[in-house]
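Q: heads up, no residue letters with this:
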C-alpha cells in the first residue's frame, strides 16, 4: 500500500496548483492528495482534519496559508513552507470583496469572496494556533523558510515553538520547482521512509535528526554542509583518500560520536553553540587543521579529540570546560599557548604530550596532574605547580634544551637535583637534568620516569630502588651506563627501550 502525502495550497490557490502536479510527477511511489481548502478558517480547519484522517495521511506539506493549517494538524508529520501564521494581518491579501483564484478549483469555481467575518475568523483562530501542542507533536513538525521571502515573515514565531526543526532555503515566498526538487522532496522522502541518503552517500535518519552513516566510496566532497535539524552525528567522514577540507555544522548539533573527522584534511572547524562535548578522537590526525572555534556551551573535550593535529596553532578553551580527557592535544606541535579554564581541576594524562607549548599557567584550582601531561614539550620554558595540587603523575615533563625546570608548591612533593620527588612514596616522578653524569638523590626509593633525556650519559643509584613503570629510562639516547649499587627490582619490560648507546656490560643491575 502506497504512503500518502496531503498537500495544502496557499491562499487564493486551489488543489490544481502546479506544485501539486510537480509533487505527483516526482513522487510516483506515493499517493499525493491536494484538496481545495475552504476560504473561511472556521470551515477549513475541521474540513482538513477530516480530510487527512479519511485519506490516511502519512505526511502533510503546506505552503503559506497551507503551512499554517498543516502546523495545526498535530497528529501528523508535517512540513510547513513559509507558513503564514498571521493571515489576518496580511492586509494586501485579506481584502473584503470578490477575488479570482490563481487557477480554478477542482469543482470549477473561479472566484472566491472575503468578508469581514472571514478576517475575524482568522484572527480568532490565530489566538489558538498552539492549543494542545505536545512535545511529541512539536518534534513531528518542520518549518522551511525562504531567505528572500518579502511577503510573510513568521520564522521567529515558528522557531519559538518548534526549534530546532527549522531550515532555511534560498528563495522567496512562493516555492519554485528547484526548491521542491532540491529541498522539500528529499526531506519529505526521509520523513516518509525514516531514512534518506543524499547524492554524496550521507545517510540521515530519525526525521533528519541523526547523521547515521557516510559511504566513503561515494563521498568525495572538499566542502560539505550538514543540514539544519541534525542533532546527532553517528557516522564517520574518515577515508584514507578523504578530500574533505571544510565542514559546515548545523546550529542544531548537540552530540558527536567518536572519530567523526579522523584523518580528514579539514583546515578549520567551528562547533555550534549548544554543543556540550567534543567527541572521542573527533579530529585525530587532521594534519591540515589550523583553527578550531569552540562554543561557550562546551563543557567536555573527550579523549584524543585533537590528537596529532600537527598544524593546530591555537585553541581558546571556553570557561565552561570542566573536563578534558587524555591525549586531547597530544602531538599538537604548532600549539604554543593554552589558557586553562577555571572550571578545569584535572590535567589529564598525556594532555599536551609532545605538543608545541611554550608556557602554561596551572591555575590555583587545579588539584591533579596526570602522567606525561607535558612530556616531550621541547619548547616549554618552565613549569610551576601551585599549592592546590594534591596529586602528580609520573613523567609530567622531560629534559630539553632551555628548560628552566619545575617550581613545585604542592604539599608532599619537593624538587631535588633537577627531579620531582613524591615525599610519601619516596618516588622520583620525573627528571629534567642536563647533567652528563647524574646521581639519583639518596631519598629516592622508587623511580617512575627518567626517560627522553638526550643529555645524561651515566646514572648512578647508591641505594636500593624499585622501578615502578615500564619505560623508566626509555629514549635516553646518549645513556651509556647505569649503576644500581644498592640493588634494583621492579618492572623490566622496555625499561631501556631506545637507548642505543647503552653499552653491553654498562648496565649494572643487582636484582632482588
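A: Everything's here; your move. If you're wondering where the values come from, they're calculated on a predicted model, not measured in any experiment. Numbers count the residues shown, from 1 in each chain.
Q: phi and psi next, for the closest residue to residue 223 other than its chain neighbours.
A: Spatial nearest neighbour of residue 223, excluding adjacent residues (Cβ to Cβ, 6 or more residues apart in numbering): residue 246 at 4.3 Å. For glycine as for every other residue, the C-beta is placed from the backbone atoms N, C-alpha and C. With angles defined as degrees, to the nearest 10, residue 246 sits at phi -140, psi 130.
Q: quick check: residue 246 vs residue 156, distance?
A: According to Cβ to Cβ, to the nearest Å, residue 246 stands 29 Å off from residue 156.
Q: when those two are compared, which one has more neighbours?
A: Each of residue 246 and residue 156 has its neighbours counted (other Cβ atoms under 10 Å); residue 246 has more, 15 against 9.
Q: was I right to think that one contacts residue 266?
A: Yes. Residue 246 lies in contact with residue 266 (Cβ atoms under 8 Å); the separation is 6.4 Å.
Q: what's the burial count for residue 77?
A: 22.
Q: need the per-residue pLDDT for residue 511.
A: On pLDDT, residue 511 comes in at 48.
Q: how far does stretch 224-233 stretch from one end to the other?
A: This stretch, stretch 224-233, spans 14 Å end to end (Cα to Cα, to the nearest Å).
Q: which other residues reach it?
A: Under the criterion Cβ atoms under 8 Å, 6 or more residues apart in numbering, residues 142, 164-168, 200, 202, 204, 206-211, 237, 244, 246-257, 260, 279 lie in contact with stretch 224-233.
Q: how about stretch 277-288?
A: Contacts of stretch 277-288 with the rest of the structure, by Cβ under 8 Å, 6+ apart, involve 233, 245, 255-267, 269, 271, 289, 292, 294, 298-311, 325.
Q: and that stretch, how far out from the chain middle?
A: From the chain centre to the centre of stretch 277-288 is a distance of 10 Å (Cα atoms, centre = their mean, to the nearest Å).
Q: can you give me the buried ones in it?
A: For stretch 277-288, the neighbour count (16 or more other Cβ atoms under 10 Å) marks 277, 278, 279, 280, 281, 282, 283, 284, 285, 286 as buried.
Q: can you tell me the closest non-neighbouring residue to the fourth one?
A: Closest residue to residue 280 in three dimensions, ignoring its sequence neighbours and counting by Cβ to Cβ, 6+ apart: residue 258, at 3.8 Å.
Q: help me confirm that residue 42 is found in a helix?
A: Yes. Secondary structure of residue 42 (DSSP: H, G, I helix; E, B strand; the rest coil): part of a helix.
Q: that one is in contact with residue 121, isn't it?
A: Yes. Between residue 42 and residue 121 there is a contact under Cβ under 8 Å: 4.7 Å.
Q: so for the two, which residue has more residues nearby?
A: Taking other Cβ under 10 Å, residue 42 and residue 121 do not tie; residue 121 has more neighbours (20 against 15).
Q: what does the helix or strand that contains the more buried one contact?
A: Assigned by DSSP states H and E, residue 121 belongs to helix 116-126. By Cβ under 8 Å, 6+ apart, the surrounding residues in contact with helix 116-126 are 39, 40, 41, 42, 45, 85, 86, 87, 88, 94, 96.
Q: most neighbours among these, please name it.
A: residue 41 (24 neighbours).
Q: return the per-residue confidence for it.
A: 92.
Q: ok, it to residue 122 distance?
A: Distance of residue 41 to residue 122, given as Cβ to Cβ: 5 Å.
Q: who touches both of these two?
A: Taking Cβ under 8 Å, 6+ apart as the criterion, residue 41 and residue 122 both touch residue 87.
Q: what residues are up against the residue nearest the centre of the chain?
A: Closest to where the C-alpha atoms of the chain average out (Cα atoms, centre = their mean) is residue 256, at 4.8 Å. Shown in contact with residue 256 (Cβ under 8 Å, 6+ apart): 232, 233, 275, 277, 278, 279, 282.
Q: one more time with 10 Å
A: 211, 232-234, 249, 271, 275, 277-280, 282, 302, 305 (Cβ atoms under 10 Å, 6 or more residues apart in numbering).
Q: stretch 246-261: end-to-end distance?
A: End-to-end span of stretch 246-261 (Cα to Cα): 11 Å.
Q: likewise stretch 361-376?
A: 17 Å.
Q: now for the nearest residue to residue 299 once chain neighbours are set aside, how many residues are close by?
A: Once flanking residues are discounted, residue 299 sits nearest to residue 276: 4.8 Å by Cβ to Cβ, 6+ apart. Other residues lying near residue 276 total 13 when counted by other Cβ under 10 Å.
Q: what does residue 387 give?
A: 10.
Q: same question, the one 10 residues further on
A: As a burial measure, the neighbour count of residue 397 was computed by other Cβ under 10 Å and equals 24.
Q: and the gap between it and residue 465?
A: Plainly put, residue 397 is 21 Å away from residue 465 if you go by Cβ to Cβ.
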